[in-house]
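[1] missing the sequence, but the structure's below:
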């Protein structure tokens, strides 16, 4: 029996593929041969994929609700919001008293309101979390090493909340400027 070489290659590839699929069935969800790509889903992955798509759609709708009414033309307010978010991070890094950091939180909150970000939505929620943490630390005696360490731990949490706000607003602002390209240091 004389089988053309192209057919032989296809049969060998199919057999190897079937062996790989069987052998790695619990660990592989995608197999790539050059430009050919085969995606395998287990039933649990299909459910996770559906849930992830639903979550993404909900988040997109929430993002649209947050952005609706934002006055992006208020560039000075946007600038000072970014400045205060960076200032808060700097004050945390320097170990400033919580009351001092709270001033930056209050200023950032006012800038969010001035820009038209709806209260109760994501950036406000993040600032409110940071404010709650800082409020509980206000007046803490940091001369005690145990309290100083507690302050550092909570400051890390606040810094993450502030970083999340910066990334979020950055992504929204970039969406307002088609073709924007952030320059990065090498």
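    Cool, got the structure. The shown structure was predicted, so the numbers you read here are calculated from the model rather than taken from an experiment.

[2] Need the residues that contact stretch 160-174.
    Stretch 160-174 is touched from outside by 63, 66-67, 70, 72, 78, 81-82, 85-86, 88-89, 92, 108, 122-123, 126-127, 129-130, 133, 180, 182, with contacts defined as Cβ atoms under 8 Å, 6 or more residues apart in numbering. Bear in mind the C-beta positions are built from the backbone N, C-alpha and C, glycine included.

[3] give me every residue that touches residue 3.
    Residue 3 neighbours (Cβ under 8 Å, 6+ apart): residue 11.

[4] mind running it again at 10 Å?
    Listed by Cβ atoms under 10 Å, 6 or more residues apart in numbering, the contact partners of residue 3 are 9, 10, 11.

[5] Now do the same contact list for the second one.
    For residue 10, the contact set (Cβ under 10 Å, 6+ apart) comprises 3, 4.

[6] want to try TSV for the contacts of residue 3, with pLDDT as columns?
    Formatted as TSV, the contacts of residue 3 follow (pLDDT from 0 to 100):
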residue	pLDDT
9	78
10	77
11	78
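
[7] Could you dump those into a markdown table with distance to residue 97 added?
    A markdown table is the format used below for these (distance: Cβ to Cβ, whole Å):
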| residue | distance to residue 97 |
| --- | --- |
| 9 | 72 |
| 10 | 72 |
| 11 | 74 |
